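Enquirer: missing the sequence, but the structure's below:
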């Protein structure tokens, strides 16, 4: 089938405009992280006066970036692992069992997107504070408080996506395992999970990205002890000098693991979305 | 969603004995509930209880003095709501203005993001050399941690040291003085552009996933009948993407209307009135004045508005798809 010229020029224009729009901020971020401080304090230039990796060295000293990094890694990893385990069990129930309240649970996913974060931020904060005063369990200013909060953010969408993925795995597989004497849990672990690996990867990426990028709750529930990158990165501009080159360098560093991970595994992600959407 | 699993329950022990008047519960009937329990418990603890508490708080005079001892905060009924909805008072007028800004913001951001996402998905529908590259490239803003992307924009939008003014005034030679982008009326356009940059790749991702389910021969058959690309788009692509669009537009609307992160990272503490989106407004109203009761009332009003819009939207959409 031949393409008409108008279709071709449409394609070229769309791709060109959106490429420029997408790339400019990324380019500015990368190139500014390689500039000396005087370059980012004067008028902008598209190319540094001298290329330097000094910002990548200095950024660790201006703010305690390493400790924010460690906090973010621990919080996001723990939230991802817990959320994944919980989502696997829930999705297994939704995909393989018919029980009362099943459709209610799937509709809840859409409803959770409606909640304004500020509505339960305030009460959750106060509940955490009161748990601390009454039971002595500290949840504000600790990683545990953040972990249990974040795992619930990714949970609804993870369950929705994973249940769609499990639906795509032929029932005959786990039925056969059960005939061979497997219990339901062994069928899940030995048959379904290996077959659902791409879906599991997609859900894990999604959970990790959600926790890694969360700002609102981090801004209220973190203190110096558990500050994550989401808040920590903004502290460069509270110094007397705004070290834009270091902020941009730090932005590159916090982005690289997640961007590469996402882009390598984007096929899984699209497959997971499609599986969820066709249900 | 199909429900065909009723008879496919587990192994040899299952299956009720015949001839009993009332069906006894199958062995292991509790298993699905047990599997769901952890998910439900966490959602209840982190979402449901705080939300119920938030609604209750909105009826309290919960100011600074009662924060650590909020059991003693006096109940004042609907007074927080009355203040928030009294558009002649400073609080009410501020909320109304922020609401209107958010409506304009949402319409622009969702509309343009959807348009960009659709254009890109269609442009990359047919395979050509470099398609995979552009698909990956367009997903970068979505993959970037939200704050990293917005901070890069914050730097670009600086008046004297930013890339945007440099591009417009030094490179492209626009006349006049370089404007502020993060202060004053331009702050609205700044937050709109940044939000679009963040959101459109998601529309692209969803629409791209949706386009994959349209079989190619539908297009070929219509091309044989002489349909032009624009006609193909409106007669095939758009109707076939309807289920995806229905969810996509609603989710984008909810996310954008609730958007707190973009203005928070972009503006920080400076809060220009033109960029005063509603979540940001409520956050500041609560945490700067420490009046949590009033903040809770505003949040409940926001939730009611979103419930109303979503409900009407789903009702209209479902009715229309039944008629079709």
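Expert: Sure thing, it's come through. Just so you know, these numbers come straight off a predicted model, no measurement behind them.
Enquirer: Please count neighbours and contacts with C-alpha atoms only from this point.
Expert: Will do.
Enquirer: Which positions in the stretch 51-200 of chain B make contact with chain A?
Expert: Taking CA under 8 Å from any CA of the partner chain as the criterion, the stretch 51-200 of chain B approaches chain A at residues B:51, B:53-54, B:57, B:67-68, B:116, B:119-120, B:123-124, B:134, B:136-141, B:143-149, B:151-153, B:155-156, B:160-163, B:166, B:197.
Enquirer: What remains of these if I keep only buried residues?
Expert: Neighbour-count burial (16 or more other CA atoms under 10 Å in any protein chain shown) is assigned, among these, to B:51, B:53-54, B:57, B:67, B:116, B:119-120, B:123-124, B:134, B:137-141, B:143-149, B:151-153, B:155-156, B:160-163, B:166, B:197.
Enquirer: Helices - which of the residues of the stretch 51-200 of chain B next to chain A land there?
Expert: B:51, B:53-54, B:57, B:116, B:119-120, B:123, B:134, B:136-138, B:140-141, B:143, B:146-149, B:151-153, B:155-156, B:163, B:197 (DSSP state H).
Enquirer: Now residue B:213: phi and psi?
Expert: With angles defined as degrees, to the nearest 10, residue B:213 sits at phi -90, psi 0.
Enquirer: pLDDT score for it?
Expert: Reading off the per-residue confidence, residue B:213 sits at a pLDDT of 79.
Enquirer: Roughly how far does it sit from residue A:245?
Expert: 45 Å (CA to CA, to the nearest Å).
Enquirer: Who has more neighbours out of these two?
Expert: residue A:245 (29 against 12; other CA atoms under 10 Å in any protein chain shown).
Enquirer: For the residue lying closest to that one once chain neighbours are set aside, which residues are in contact?
Expert: Sequence neighbours aside, residue A:33 is the residue nearest to residue A:245 in space, at 4.6 Å (criterion: CA to CA, 6 or more residues apart in numbering or on different chains). Listed by CA atoms under 8 Å, 6 or more residues apart in numbering or on different chains, the contact partners of residue A:33 are A:53, A:55-56, A:244-250, A:252.
Enquirer: List buried members of the residues you listed by neighbour count.
Expert: Restricting the contacts of residue A:33 to buried positions leaves A:55-56, A:244-250, A:252, with burial counted as 16+ other CA under 10 Å.
Enquirer: Residue A:223 should be in a strand, yeah?
Expert: No - secondary structure assignment (DSSP: H, G, I helix; E, B strand; the rest coil) places residue A:223 in coil, not in a strand.
Enquirer: Spit out the contact partners of it.
Expert: Taking CA under 8 Å, 6+ apart as the criterion, residue A:223 is in contact with A:140-141.
Enquirer: quick one: it from residue B:81, how far?
Expert: When distances are taken as CA to CA, residue A:223 and residue B:81 turn out to be 32 Å apart.
Enquirer: before we move on, what about residue A:153?
Expert: Taken as CA to CA, the span from residue A:153 to residue B:81 is 28 Å.
Enquirer: Nearest residue to the middle of the chain?
Expert: With no chain named, the answer covers chain A. residue A:209 (1.1 Å; CA atoms, centre = their mean).
Enquirer: hmm, I had chain B in mind actually
Expert: Closest residue to the average C-alpha location of chain B: residue B:255 at 1.2 Å, with CA atoms, centre = their mean.
Enquirer: any idea which helix or strand carries that residue?
Expert: When secondary structure is defined by DSSP states H and E, residue B:255 falls within helix B:242-257.
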